[in-house]
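J.: When you get a sec, could you give me coordinates for this:
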Amino acid sequence: MRALVWHGKGDIRCDTVPDPQIENPGDMIVKITTTAICGSDLHLFDGYMPMMEDGDILGHEPMGEVVEVGGDVKNLQVGDRVVVPFTIACGTCFFCQKELYSCCDTTNRDAKKAAEMMGHAPAGLFGYSHLTGHYPGGQAEYLRVPHADVSPLKIENDSLSDEQVLFLSDIFPTGYMAAENADIEPGDTVAVWGCGPVGQFAIQSAWMFGAGRVIAIDRVPERLEMAAKQGRAEVINFEKIEGGVYDRLQEMTNGRGPDRCIDAVGAEAHSSGAFDAVLDKAKAAVMLATDRAHVLREAIMCCRKGGTVSIPGVYIGFVDKMPMGAAMNKGLTLKMGQTHMKRYTQPLLDRINAGEIDPSFVITHNRPLEEGPELYKTFRDKEDGCIKVVLKP
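T.: Below is the predicted model of the structure:
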C-alpha cells in the first residue's frame, strides 16, 4: 500500500509499504477513504517529538470502510463506514472505566519508555512515535485498528460526506473538550490562543457552553477571518497591535482579564518578539528544548483571578520560565490532556446529524495522498491560505 512515512526531520515521503494484517482477534482492517494532516503532526515533521524512527507511518485522523475483522469483533462488520479516533483504548482498564480513555493503561506498547519520561504512560496513539506505542498511522491506504469494538464510530447516515464527519477522529472532540475543561459559565469571556483547526473548534464549542464573548488570538489573516466569520469571534492579530496581547485583553475586559483562556497552540508557539519566545526559539534551534511555551505563559498572565486555563495544545517535554507564582496567587485552575475521544464522538455526531454544525468548514485543501509530503510544508509554513489539509488515498 501507499503511505506517508517519516524518514527524519523535515523528510516525509509517500512510500510503498507492506499492507497491515490482523494481529489479534480484536483487530480490524480499514480501507482509508479520507484522512488528514493535524497540527500536532507538525511536531513530528519539525523533529521535536522524541522516539520517532525512520520508516514510521504517520497520521491519526482517518476514516474509511471496514474490509476485515478479527474473530472477537462483534460491533462492526465488513462494509461498515467508520471514523477511527486517534486514541487507542481497551475499554476495560481502570482508566477506561472512568472514561479517561486517553489514559488507557494497556494500549501503549512502549509503556516503560513513556513512563521513564512522563512518570506513567498515556494511551497508545496512531502514528505518533514510539512514545505512544509505535502504532502505524492512518495517512495510508489501509490501517490496522486494535480494540475495534471500543472507540471506532460507525457512520450510518449516508447523506453525510466523509469531510463532515472525519474530524470526529480528533480535532472536533479536542476543541470541545478544551471548552469543557475551561469550565465556561453562561456569559463568560473566553480567549482562545491559536486559530488553527483545534482553535476553530474550541471557538465553536465555547458558544455551545454558553460563552458571552469569544476572543480569538493569532497572527495569520485567513485564520482570524475564519474565526470571525465562522466562529463569530472578536479577533486580535498579535503582530498588528501595540502594547501586546495582555494590554489588549485587559482593555477589552475592563482590567479584569478573560474568565477562561484556551491554549490551542502548544509546543511551537510564536510571538511578536517577546523575550521569553525569543529565548525559547533559540534553545529549540539547538535542541536544548522541545517546547516554545510563550502562549501558555501569556494565558496564565492574562487570565482573570480565579479563572481557568485549558490546554488542548500538545506539549512534549519540559517547559521552563513558567509563571507558577502568578498561577498560584491568582487561584487559577489548569486543565489539560489528550482527548478522551469515546466520551465525545457519539454526542458530537448527534450534533452533526441535527445540523447544528458542519465541521467541514475548516478544510482549505483536499488533495490526493501522494501530495502529502509537499502539503506538510504548505501547512507548516501557512502558505496558500492553508488551514486544514484533507487527503484522499
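J.: contacts and neighbour counts: CA atoms only from here.
T.: Will do.
J.: how close does E61 sit to Y246?
T.: Look at E61 and Y246: by CA to CA, to the nearest Å, they are 34 Å apart.
J.: quick one, what contacts the nearest residue to E370 once chain neighbours are set aside?
T.: Nearest residue to E370 in three dimensions, chain neighbours excluded: C14, at 5.8 Å (CA to CA, 6 or more residues apart in numbering). Shown in contact with C14 (CA atoms under 8 Å, 6 or more residues apart in numbering): R2, A3, L4, V5, L369, E370, G372, P373.
J.: before we move on, the earlier item: compare E61 and Y246 (neighbour count), which wins?
T.: Neighbour totals were compared for E61 and Y246, and E61 leads with 26 against 17 (other CA atoms under 10 Å).
J.: Assign a three-state SS to the more buried one, would you?
T.: coil (DSSP: H, G, I helix; E, B strand; the rest coil).
J.: ok, now which ones touch it?
T.: 35-38, 84-86, 138-139, 166-167, 169-170.
J.: pretty sure S129 is in contact with M52, am I right?
T.: Yes: between S129 and M52 there is a contact at 4.8 Å, judged by CA atoms under 8 Å.
J.: between those two, who's got more neighbours?
T.: Counted by other CA under 10 Å, S129 and M52 do not tie: S129 has more neighbours, with 24 against 20.
J.: Please tell me how far the more buried one sits from G194.
T.: Taken as CA to CA, the span from S129 to G194 is 24 Å.
J.: Please apply the same query to T106.
T.: Distance from T106 to G194, by CA to CA: 33 Å.
J.: who's more crowded, these two?
T.: G194 (27 against 20).
J.: A264 is in contact with that one, correct?
T.: Yes: using CA under 8 Å, G194 is in contact with A264, at 5.2 Å.
J.: Find the nearest non-adjacent residue to G266, please.
T.: Here the residue nearest G266, using CA to CA, 6+ apart, is G313, at 3.9 Å.
J.: ditto for V83
T.: M63 (4.3 Å).
J.: Could you tell me which residues make contact with the one you found?
T.: Contacts of M63 by CA under 8 Å, 6+ apart are V30, I32, T33, T34, T35, R81, V82, V83, V84, D162, L166, S169.
J.: For R81, see how far away it is.
T.: In terms of CA to CA, M63 sits 8 Å off from R81.
J.: list the contacts for the residue nearest to G266?
T.: With contact set as CA under 8 Å, 6+ apart, G313 has these partners: D263, A264, V265, G266, A267.
J.: now, among those, which is nearest to T189?
T.: Using CA to CA, D263 is the member of the contacts of G313 that sits closest to T189, with 14.6 Å.
J.: Is that closest one bridged to anything, and to what?
T.: According to DSSP bridges, the residues that bridge with D263 are W193.
J.: residues near it, how many?
T.: 29.
J.: Mind jotting down where the helices sit in the stretch 101-250 of the chain?
T.: 111-118, 162-165, 171-181, 197-208, 221-229, 244-252 (DSSP state H, counting those that start in this stretch).
J.: could I get these as CSV with distance to R144 and mean pLDDT?
T.: Listed next are the helices of the stretch 101-250 of the chain as CSV, based on distance: least, CA to CA, whole Å; pLDDT from 0 to 100:
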stretch, distance to R144, mean pLDDT
helix 111-118, 20, 81
helix 162-165, 19, 98
helix 171-181, 21, 98
helix 197-208, 26, 98
helix 221-229, 34, 97
helix 244-252, 45, 96
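J.: F379 is nearest to which of those?
T.: helix 197-208 (11.4 Å).
J.: Other residues contacting the closest one?
T.: Counting by CA under 8 Å, 6+ apart, 39, 171-172, 174-176, 178-179, 184, 190, 192-193, 214, 216, 226-227, 231, 233, 262, 264-265, 362, 387-388 sit against helix 197-208.
J.: same check, this time on stretch 110-120
T.: Counting by CA under 8 Å, 6+ apart, residues outside stretch 110-120 touching it are A121, P122, H130, L131, T132, G133, H134.
J.: hmm, back to that, work out for me the element the residue nearest to G266 sits within.
T.: For G313, there is no enclosing helix or strand under DSSP states H and E.
J.: For the stretch 251-393 of the chain, give me the ranges with low pLDDT.
T.: When residues are selected by pLDDT under 70, those of the stretch 251-393 of the chain lie in 268-290.
J.: Would you map the helices across it?
T.: 275-285, 294-302, 324-329, 345-353, 372-380.
J.: export the second one as CSV, just CAs?
T.: As requested, the backbone C-alpha atoms of helix 294-302 are provided in CSV (Å, rounded to 0.1, in the frame of the first residue of the first chain):
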residue,chain,number,x,y,z
HIS,A,294,5.0,31.6,25.1
VAL,A,295,1.3,31.2,24.7
LEU,A,296,0.8,29.2,27.9
ARG,A,297,2.8,31.8,29.9
GLU,A,298,0.8,34.6,28.3
ALA,A,299,-2.6,32.9,29.0
ILE,A,300,-1.6,32.5,32.7
MET,A,301,-0.8,36.1,33.0
CYS,A,302,-3.9,37.3,31.1
